[in-house]
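Q: Any chance you could fold what I've pasted below:
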Amino acid sequence: MGGLVLSYGLRNRAREIFQGLLDDKNNAVTVHNRAWLYLAKISYQRGDLAGALQAIQHIDGKMKPATRTATANLHSLLLLEQGRNAEAIELLEQTRSGKHWTPYLKYNLGIAQIRNGEQDRGIQELDSIASRTGRTSERNLLSDKASLALGYSFLQTGETEKSRLALEQVRLEGPLSNKALLGAGWASADADNYRQALVPWTELSRRDPADPAVQESLLAVPYALTRMKRFGRAGQAYKQGIDTRTNEQRNQDASIAAIRDGQLLRHLQQHASCTGDGG
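A: Residues are numbered from 1 along each chain as shown. Predicted structure coming up:
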């Protein structure tokens, strides 16, 4: 029940359920460990890293393999968030996981190694994930994440061609495509190939302007045109970017005003009533 409630985003109610399990001393240690894991997840989702780490540290004793691996995965994410990369590497290298969890732990390990200066080892781990697409959207998303991380890692070290090739592996319709298109453009621009940079940047500039990557492309397109000495088109692109961003700001202001005025709540209540979910 607690897991189901949490999956719907009702974190306060979920926390009450898990805390109730912990307060009952008659529950088994395995139940307590899983409750602490869920409480750690709730804190992590809220950005409370200290609270999440504190909950993780309460997990001890007998655990089912799935709980142990899930704990190691979350613990490694918390260590990475705090820049404790060496500790994350040690934890991940000591963790044995089943088939489901292995790609996620390998991804975290690759990120930790790159951040810890172990570039070659980290690239090898991420490359093994990026090259494995699967039948599930979850596996494909992880592959995209690995390709994106590889692309930006190569970009930071000046390996522009490797960066571009890695970023081009990210699915164009996936949730990470905007960041990939932005990075691919910068990889080409850093190699002084501004004509090539315009291809992903132009595609990106036509997308939802609420996305920060799209907003950056609105400046990147005229920047590339300027470097190509196409000043007339660059001026038009700058003006178009300003107009797009101004319109987006108006939409954001209108949304904020509607929320403050209670219009959003009234709309949700009407929708719930129409669909029969009002009770």
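Q: show me where the stretch 101-250 of the chain has helices.
A: For the stretch 101-250 of the chain, the helices defined by DSSP state H, counting those that start in this stretch cover 102-115, 119-130, 137-156, 160-167, 177-190, 194-205, 212-227, 231-260.
Q: got the ones you listed as CSV, with mean neighbour count and distance to Ser76 columns?
A: The way it works is simple: take the backbone N, C-alpha and C, and place the C-beta from them, glycine included. Compiled in CSV, the helices of the stretch 101-250 of the chain are given as follows (neighbours: other CB atoms under 10 Å; distance: least, CB to CB, whole Å):
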stretch, mean neighbour count, distance to Ser76
helix 102-115, 22, 5
helix 119-130, 18, 13
helix 137-156, 20, 15
helix 160-167, 21, 23
helix 177-190, 23, 22
helix 194-205, 20, 32
helix 212-227, 20, 26
helix 231-260, 13, 36
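Q: and these as CSV, adding mean pLDDT and distance to Ala88?
A: Formatted as CSV, the helices of the stretch 101-250 of the chain follow (pLDDT from 0 to 100; distance: least, CB to CB, whole Å):
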stretch, mean pLDDT, distance to Ala88
helix 102-115, 95, 4
helix 119-130, 95, 12
helix 137-156, 95, 15
helix 160-167, 97, 22
helix 177-190, 97, 23
helix 194-205, 97, 32
helix 212-227, 96, 27
helix 231-260, 91, 37
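Q: Specify the stretch among the ones you listed that is closest to Leu22.
A: Ranking the helices of the stretch 101-250 of the chain by proximity to Leu22 (CB to CB) places helix 102-115 first, at 26.4 Å.
Q: Output the contacting helices and strands for that closest one.
A: Counting contacts by 3 or more CB pairs under 8 Å, 6 or more residues apart in numbering; DSSP states H and E, helix 102-115 is packed against helix 65-81, helix 85-94, helix 119-130, helix 137-156.
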